[in-house]
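Engineer: Attaching a predicted model along with its sequence, questions to come.
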Amino acid sequence: MSAAVADSVPILMYHQVSDAPRAPFLKYTVTGRAFAAQMKWLAANGYSTIDLPTLLAHRRGGAPTPKRSVVITFDDGFRECASVAAPAMEAHGFSATFFLVAGLMGDSSRWLVAERGIEFPIMSWDDARQLERAGHRCESHSMTHPRLAELSPGVCREELARSRAMLEDELGHPVRYLAYPFGSENQQVRDIAADCGYDAACTVAIGISTAGDDVYALPRVPVLGTDSLLDFASRIRTAYTVRDRLRRMIGVS
C-alpha cells in the first residue's frame with residue numbers, strides 16, 4: 001500500500017443540520033435524525049475524530065493518530081448546527097471544526113438570499129464559545145462569505161485578514177484554518193491565505209485527503225441531505241455515494 005493511501009483521511013463537509021429542512025436548501029441539509037445515525041455508524045465502526053492541526057502534525061512529523069480517523073467540518077456557522085449537530089457528536093466523544101463567517105455572527109446568512117432566496121440564523125459568539133468549551137474548534141470562513149477568487153487581491157486579503165483577527169479577538173486563541181466560501185479559490189487566493197497567516201485551507205473539491213495534498217487546497221467529502229446511511233458509509237471510504245460509484249464504473253456522467 002502506498003504512503004498516500006495509508007494516510008488517507010476523510011474530511012467531512014456539512015452545511016446545515018436541521019429538524020426542519022427548507023425546500024431551497026434540501027440538498028445541503030442533513031436532518032438531525034440522519035446526522036445522529038451517521039455519528040452512531042462512525043462510532044460503531046471504530047472511527048475517531050481528529051482536528052486539522054492533528055492531521056497536519058501527523059503528516060509533517062509523524063505524530064500518532066487513530067487508525068480510523070475522520071475530520072468533521074461545518075461551513076457557514078448555522079445556529080442549528082450548534083444546537084442539533086453538536087450534542088449528537090458529543091454523545092460519542094466526537095468533535096468538529098466550525099468554519100464561521102466572522103462578520104455575520106449573531107445575524108443571518110445574507111449571502112443565501114441572492115443565491116437561493118432564503119436565509120438561516122447564524123450562531124452567536126456565545127454559541128461559538130460554548131462549542132469550544134465542549135471540545136470543538138472554530139475557524140475562519142471569511143468576513144462576509146464572498147467568492148474570493150472573484151475579488152481583487154486587496155479585498156480578498158481584507159476578507160481573510162479581518163476574519164482571522166476578529167475570530168481571534170472574540171475567541172481568545174490563534175485562528176489558523178480556513179474554508180473557502182463557495183469553494184471559490186485559485187492560486188492567488190491560496191497565496192493570500194498563506195500570507196494572512198493561515199496554516200491550511202479546505203476546498204469543496206471532492207476526495208479523500210491524502211499526504212500529497214496541497215495544504216491550502218484540502219479536498220473534502222460532502223455529506224448531503226439526499227444521502228442514505230449506505231451512501232454515508234460509501235463516502236467515508238471513497239468520497240462518493242453508491243450511485244455515484246456505479247455511474248463512474250459504467251462511464252455515465
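Structural biologist: That came through fine.
Engineer: Convert the C-alpha atoms of stretch 73-83 to PDB, please.
Structural biologist: What follows is stretch 73-83, C-alpha atoms only, in PDB (Å, rounded to 0.1, in the frame of the first residue of the first chain):
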ATOM      1  CA  THR A  73     -16.200  20.200   9.400                       C
ATOM      2  CA  PHE A  74     -19.200  22.500   9.100                       C
ATOM      3  CA  ASP A  75     -19.300  25.500   6.800                       C
ATOM      4  CA  ASP A  76     -21.200  28.700   7.400                       C
ATOM      5  CA  GLY A  77     -21.900  28.600  11.200                       C
ATOM      6  CA  PHE A  78     -25.600  28.000  11.100                       C
ATOM      7  CA  ARG A  79     -27.100  28.200  14.600                       C
ATOM      8  CA  GLU A  80     -28.900  24.800  14.300                       C
ATOM      9  CA  CYS A  81     -25.600  23.000  13.700                       C
ATOM     10  CA  ALA A  82     -24.600  24.200  17.200                       C
ATOM     11  CA  SER A  83     -27.900  23.200  18.800                       C
END
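Engineer: So for Asp214, what's the nearest residue that isn't a sequence neighbour?
Structural biologist: Arg190 (7.4 Å; CB to CB, 6 or more residues apart in numbering). Glycine gets a C-beta too; all of them are placed from N, C-alpha and C.
Engineer: for the chain, what spans make up the strands?
Structural biologist: 11-14, 16-17, 29-30, 48-49, 69-76, 97-100, 137-140, 177-179, 200-206, 218-222 (DSSP state E).
Engineer: Thr29: how many residues sit nearby?
Structural biologist: Look at Thr29: counted by other CB atoms under 10 Å, it has 25 neighbours.
Engineer: Likewise for the one 3 residues further on?
Structural biologist: Counted with other CB under 10 Å, the burial measure for Gly32 works out to 18 neighbours.
Engineer: thinking it is in contact with Asp19, fair?
Structural biologist: Yes. Counting by CB atoms under 8 Å, Gly32 does reach Asp19; the two are 4.6 Å apart.
Engineer: Okay, now the unreliable bits of the stretch 151-253 of the chain?
Structural biologist: For the stretch 151-253 of the chain, residues meeting the criterion pLDDT under 70 lie at 252-253.
Engineer: What distance do you get for Pro87 to Pro219?
Structural biologist: Counting by CB to CB, to the nearest Å, the separation of Pro87 from Pro219 is 28 Å.
Engineer: and those two? which has more neighbours close in?
Structural biologist: Neighbours around Pro87 and Pro219, counted as other CB under 10 Å, are more numerous at Pro219. The numbers are 19 against 13.
Engineer: which residues of this structure fall in helices?
Structural biologist: Along the chain, counting by DSSP state H, helices occupy 3-6, 32-44, 52-61, 79-80, 86-90, 111-116, 125-133, 153-171, 187-195, 229-238, 242-250.
Engineer: Before we move on, what's the pLDDT of the residue lying closest to Ala134 once chain neighbours are set aside?
Structural biologist: Nearest residue to Ala134, sequence neighbours excluded (CB to CB, 6+ apart): Glu90, at 5.9 Å. Note for Glu90: predicted pLDDT of 98.
Engineer: Determine the number of other residues adjacent to Glu90.
Structural biologist: Neighbours of Glu90 using other CB under 10 Å come to 16.
Engineer: How about the one 3 residues further on?
Structural biologist: Burial of Gly93, expressed as a neighbour count using other CB under 10 Å, amounts to 10.
Engineer: if I look at the residue lying closest to Ala91 once chain neighbours are set aside, how far off is Cys202?
Structural biologist: Once flanking residues are discounted, Ala91 sits nearest to Met39: 7.1 Å by CB to CB, 6+ apart. Using CB to CB, Met39 is found at 20 Å from Cys202.
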